[in-house]
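Peer 1: structure, please.
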Amino acid sequence: MRRYVVRILRDEKKRHTLKAILSRSNLLTKISRRFLESYRQGRWSAIGGWASTFDVAILNDIVASDYFDVRYYQNSAGKVFGSAHAALSDYLQHGEKDNLRPSSLFDPLVYRYGHKDLADLKSSPLMHYFRHGRDEKRLTALDFDELSSAGKRAFVTGRPTVVLVSHEASMTGAPILGCNISAQLAETCNVVSVILKDGVLVESFREHASLLLVTPEGTSGLDSRVLRERILRPVKERFGLDYVLANSVEAANVASAAQELGVPAVTLMHEFAEYVVPQTRVRDMVIGSQVVVFSSILTANSARKSAASNDFRNCIVLPQGKSEIPENEGVLVSTQLEILLEKQKSEKRFLVIGCGFVQIRKGVDLFISVAHRLAQKLGPKNTRFLWVGDGYNPDQDLLYCVWLRDQIARSGLEDVVTIIPGVDAKSLDKLYANADAMMMSSRLDPFPNVTIDAMQQGMPVVCFEGASGTAEFLQNIPQFKPLVAPYLDIDAAAGILARLATEPGFSRDIGDSLRAVSIEAFDMRRYVNRLIEILKDARSMTEQEKQDFEILKKADVLSEVSLGNALGKISSKDEQVRKYLRFAASGVQGVDRIYRRPLLGFSPHIYLEHHPELNRPPFQNPLAHWIDTGRPEGPWFRQVLRFGQSGSPSLPPNDLKVGLHIHLHYFDILDNILERIKRNSARPDLLISVTSQEGLSYVSSRLADYKRSKTIIKHVPNRGRDFGPMITEFGHMLADYDIVGHIHGKKSLEISEGGAISPFGDVWREFLFENLVGGTTAAIDETLFAFAQDKNLGLIFPEDPNVVGWTENYLPAHELCVKLGVSGKLPASIEFPVGNMFYARPQALAPIFNSSLTWDDYPAEPVGYDGTILHAMERITPFVCEQQGFKWLTSEVEGFYR
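Peer 2: Have a look, this model is predicted:
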């Protein structure tokens, strides 16, 4: 049968006849599926294998195309084949898996990882291209030799080689800055300029580069594996590679690729995270760079908010120096500007300028609104507003520009507001010399070069508070604060401009001071010299990470259950160690935005607090340092009680008097708790609080069978969550017990991700109940046994895989300690029972249990997410325990984590 089918498939006429016959039934589908599956499993030889009719046609198409070159593939594979079909068979079964190229036109690595939707492609990339990608005009290769060309600087032996990556070569802020950085770097380094999108500044980059690579548009979004293998590795192998400097978050994927090669990488982030899409790119940039340089505290804080709740430590704030605008034939001298400036000489209006690409982020509509207000104050004949920048096309742009034109017309500002395209450097200098002020109307703008240019010309720059690094700079100098208006307050901005127009002395004095201060503050040579120092620090960090990798790999201590999914997909132990070190070095949380501990019982944040030298370059990893120094004892490491692993149950003494407070706002959880208690020999007294009459009735009915111990049920106000009832309602009873437990019917709001409901609350509750009540183990028995064994043990709570810390609760905690009479300085880093469930000796938490807190001391529902007395109380329990002279431990139940 097989031989017969193959004979038909080789004959084109018979093949089409068979297809026509089979298409009338479902037999074709069955045969095709069988053949295709056989093909995918590699059970075919040359063209005569079990391939479907359609695959055979595609295979013939491939063989006949320039995308499969037998000689090229033979050289790549180091083999000789009897026919093109045999070569293709080998490629599809073996070569493609090793990312061997079938020709200069196709690269399976680039095709698979150069398209995000193909990253998990199960079939052949080459087959996919001929089926779909060819019609979709997908990228098939990045050829280093074709993309690269010589720069105008020779490679100098002995100098470090720096790859400077620019996301594009347009006449805009970041590329212009990149040209200036390149010029300074070239004095002491070999510069390889990698430009991820062609543009008018390419030749300006060539002036200072030893090698220039211009890649196709879209390269910035490629997977780091492609950039590593097809861009950076050839540079490293041919010329050596010491550093990568990525100029913009848009180029940060190349920094990540450098990390994978073991090359130190620094990224200059010129963007606010708010307009970086998707937001995960900011986190990836921080993780993929040894150091991230921001131009302002505003942009650094923006990235922090996007990338992590906890601070990341590989951050430096360094405003750029003044850039020289490259001479460029692509930008024509503006006759419009010449005419307008000539007109300005005779009219002598108060001239306010704005610069930048015409888009909503730049706030050109706000610029027009400020012009309207100022024209009302000074008169339209005394006011002129000029915006210089490309992108104004009201006849085609119906989303923004058409409305700007309409706004100008309806405001009667045709003679006041003018918008012209970008101009050359000389024209811009002439404009600065004739303008009276700059209105930086941006909604968000990191630190525009044009504002530095204007300030160094002695021109007052008016801007909005919180909108830019320029505003931050001006606000930090008392003399310049009057130039900053409240955020998007156009009336205030117009008022500042009116003062500049009507008080020449004020305008002159502030302009002279701006010139002097900004010339000192924004020096390009000093800026680049500092970048070189940062690159050297990045190298020491890279070397430290390599050493830490060897330490952690040898120790093999990373806890998979604790780290969970924080590191994303992991294919090997080595990758796990490398990813952990990268996350830890940057200070960024895991991919799920949660800071996970690397080893149960170890607190990296507390170790760092006690070893401040690790918070300075080269930033040795705290876990690696702890292991390398002999695992010293301290508050950073504790014994973890591993319930259920002793072989036989640990039974507590019969004479221990135990009370368990259970707060049940969600009273239906009681049945689950009672079933778990049955797993134990101990039967604690149950002190139960409910917040409704219905709950009172329900709980009373369920406790009829609870024997051997007493039960007390109280109906309490729905105030103070679980802590309030324990302290205010039952606090006076707790001292009667040797050990007191505290749990509650937790139902955290579940997290919706893309419309899907995550079982977050259920997982967390089960994790806590397994550790505190039982289920797979007799957790209560084991907890009480631990207390009986150690009279100095005052508190036990579950070992949480997440490192949470104070968040917004340090000051509330300090105030609470004062109120409770707890002395001592609160530590900067803490561990605490996340979820607020624990067991304690009443003496260990006496200041809390004996407090005089009333219901009015607790916030009313709905309680805030953070920063309340309840969140503070949760966090101070271990501290109070220590201040009372007791120690605390944590517990673990294998298989139950969150």
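
Peer 1: switch to C-alpha atoms for all contacts and neighbour counts from now on
Peer 2: Fine.

Peer 1: where does the stretch 751-898 of the chain dip in pLDDT?
Peer 2: 751-761 (pLDDT under 70).

Peer 1: what segments of it are strands?
Peer 2: With strands called from DSSP state E, counting those that start in this stretch, the stretch 751-898 of the chain shows them at 752-753, 756-757, 793-798, 838-840, 887-893.

Peer 1: ditto for the stretch 1-150 of the chain
Peer 2: 148-150.

Peer 1: poorly predicted segments of it, please.
Peer 2: 1-54.

Peer 1: again, 50 this time
Peer 2: For the stretch 1-150 of the chain, applying pLDDT under 50 flags the ranges 1-6, 9-10, 21-51.

Peer 1: could you pull out the helices for the stretch 351-500 of the chain?
Peer 2: For the stretch 351-500 of the chain, the helices defined by DSSP state H, counting those that start in this stretch cover 364-378, 401-410, 425-434, 449-456, 469-475, 490-502.

Peer 1: just name the most buried of those helices.
Peer 2: Among the helices of the stretch 351-500 of the chain, ranked by average contacts under mean count of other Cα atoms under 10 Å, first place goes to helix 449-456 (a mean of 23).

Peer 1: got a list of contacts for that helix?
Peer 2: With contact meaning Cα atoms under 8 Å, 6 or more residues apart in numbering, helix 449-456 is reached by 173, 177, 322-323, 355, 432, 438, 440, 460-461, 470, 511, 514-516, 518-519, 522.

Peer 1: hmm, back to that, mean pLDDT lowest where, among the helices of the stretch 351-500 of the chain?
Peer 2: Ranked by mean pLDDT, the helices of the stretch 351-500 of the chain bottom out at helix 425-434, with a mean of 91.

Peer 1: and the protein, what are its domains?
Peer 2: 2-136, 144-270, 335-522, 643-893 (automatic domain parsing).

Peer 1: from those domains, which stretch is densest packed?
Peer 2: Taking mean count of other Cα under 10 Å, domain 144-270 is the most buried of these, at a mean of 21.

Peer 1: mean confidence score for stretch 192-199?
Peer 2: According to the model, stretch 192-199 has a mean pLDDT of 96.

Peer 1: i'd like the first residue to be 117 from this point on
Peer 2: I'll keep to 117 as the first residue from here, and by that count the last item is stretch 308-315.

Peer 1: ok, back up a step: could I get the domains of the chain as a markdown table with distance to Pro714?
Peer 2: Output for the domains of the chain, formatted as a markdown table (distance: least, Cα to Cα, whole Å):
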| stretch | distance to Pro714 |
| --- | --- |
| domain 118-252 | 29 |
| domain 260-386 | 21 |
| domain 451-638 | 35 |
| domain 759-1009 | 8 |
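
Peer 1: right, and those - which one's nearest Glu691?
Peer 2: In terms of Cα to Cα, the element of the domains of the chain nearest to Glu691 is domain 260-386, at 10.3 Å.

Peer 1: any idea how far the closest one is from the chain center?
Peer 2: Relative to its chain's centre, domain 260-386 lies at 23 Å (Cα atoms, centre = their mean, to the nearest Å).

Peer 1: give the buried residues for the lengthiest helix in the chain.
Peer 2: The helix that spans the most residues within the chain, counting by DSSP state H, is helix 640-671. The neighbour-count check on helix 640-671 (16 or more other Cα atoms under 10 Å) flags 640-641, 643-644, 647-648, 650-651, 653-661, 664-665, 667-669 as buried.

Peer 1: just stretch 741-757 next, same as before
Peer 2: Within stretch 741-757, the residues that count as buried by 16+ other Cα under 10 Å are 741-742, 752-753, 756-757.

Peer 1: in the chain, which residue is most central in space?
Peer 2: Geometric centre of the chain, nearest residue: Arg399, 1.5 Å, by Cα atoms, centre = their mean.

Peer 1: for it, which non-adjacent residue is closest in space?
Peer 2: Leaving aside its sequence neighbours, Arg399 sits nearest to Ala423 (Cα to Cα, 6 or more residues apart in numbering; 4.3 Å).

Peer 1: count of neighbours near the one you found?
Peer 2: Counted with other Cα atoms under 10 Å, the neighbours of Ala423 add up to 27.

Peer 1: quick revisit: out of the domains of the chain, the one nearest Glu676 is which?
Peer 2: The nearest among those, by Cα to Cα, is domain 759-1009 at 10.3 Å.

Peer 1: got TSV for the strands of the stretch 867-1014 of the chain, with distance to Met849 too?
Peer 2: Formatted as TSV, these follow (distance: least, Cα to Cα, whole Å):
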stretch	distance to Met849
strand 868-869	41
strand 872-873	41
strand 909-914	18
strand 954-956	14
strand 1003-1009	23
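
Peer 1: what's the closest of those strands to Arg489?
Peer 2: Among the strands of the stretch 867-1014 of the chain, if distance is taken as Cα to Cα, the winner is strand 868-869, at 45.2 Å.

Peer 1: sorry, back to before: then the helix or strand following the longest helix of the chain to PDB, C-alphas only?
Peer 2: The element immediately downstream of helix 640-671 (helix or strand, assigned by DSSP states H and E) is helix 676-679. Extracted in PDB, the C-alpha atoms of helix 676-679 (Å, rounded to 0.1, in the frame of the first residue of the first chain):
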ATOM      1  CA  GLU A 676      12.000  25.400  43.600                       C
ATOM      2  CA  VAL A 677       8.900  25.300  45.800                       C
ATOM      3  CA  SER A 678       9.700  28.700  47.300                       C
ATOM      4  CA  LEU A 679      10.700  30.400  44.100                       C
END
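
Peer 1: tell me how far helix 676-679 lies from the chain's centre.
Peer 2: Averaging C-alpha positions (Cα atoms, centre = their mean) puts helix 676-679 21 Å from its chain's average.

Peer 1: what's the answer for stretch 195-206, then?
Peer 2: That offset, for stretch 195-206, works out to 46 Å (Cα atoms, centre = their mean).

Peer 1: do the same with stretch 609-617
Peer 2: Worked out by Cα atoms, centre = their mean, stretch 609-617 lies 40 Å from the chain centre.

Peer 1: now do the strands in the stretch 617-766 of the chain.
Peer 2: Using DSSP E, counting those that start in this stretch, strands in the stretch 617-766 of the chain cover 756-759.

Peer 1: now distance to Tyr723 too, for the helices of the stretch 467-616 of the chain, in a markdown table please.
Peer 2: Compiled in a markdown table, the helices of the stretch 467-616 of the chain are given as follows (distance: least, Cα to Cα, whole Å):
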| stretch | distance to Tyr723 |
| --- | --- |
| helix 480-494 | 50 |
| helix 517-526 | 55 |
| helix 541-550 | 53 |
| helix 565-572 | 42 |
| helix 585-591 | 35 |
| helix 606-618 | 49 |
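
Peer 1: which of those helices sits closest to Ile432?
Peer 2: helix 585-591 (14.0 Å).

Peer 1: so which elements touch the closest one?
Peer 2: helix 413-423, strand 577-580, strand 600-601 (3 or more Cα pairs under 8 Å, 6 or more residues apart in numbering; DSSP states H and E).

Peer 1: the same query, at a cut-off of 6 Å, please.
Peer 2: Contacting helix 585-591 under the criterion 3 or more Cα pairs under 6 Å, 6 or more residues apart in numbering; DSSP states H and E is no other helix or strand.

Peer 1: hmm, back to that, which one, of the strands of the stretch 867-1014 of the chain, ends up nearest to Gly811?
Peer 2: strand 954-956 (23.3 Å).

Peer 1: how far does the closest one sit from the chain's center?
Peer 2: On Cα atoms, centre = their mean, the centre of strand 954-956 falls 36 Å from the chain's centre.

Peer 1: where's Asp854 relative to Leu772, distance?
Peer 2: Going from Asp854 to Leu772 by Cα to Cα, to the nearest Å gives 6 Å.

Peer 1: same deal with Gln663?
Peer 2: Distance, Gln663 to Leu772, using Cα to Cα: 51 Å.

Peer 1: give me the phi and psi angles of the closest residue to Leu560 other than its chain neighbours.
Peer 2: Leaving aside its chain neighbours, Leu560 sits nearest to Ala583 (4.6 Å; criterion: Cα to Cα, 6+ apart). Main-chain torsions, Ala583, degrees, to the nearest 10: phi -100, psi -10.
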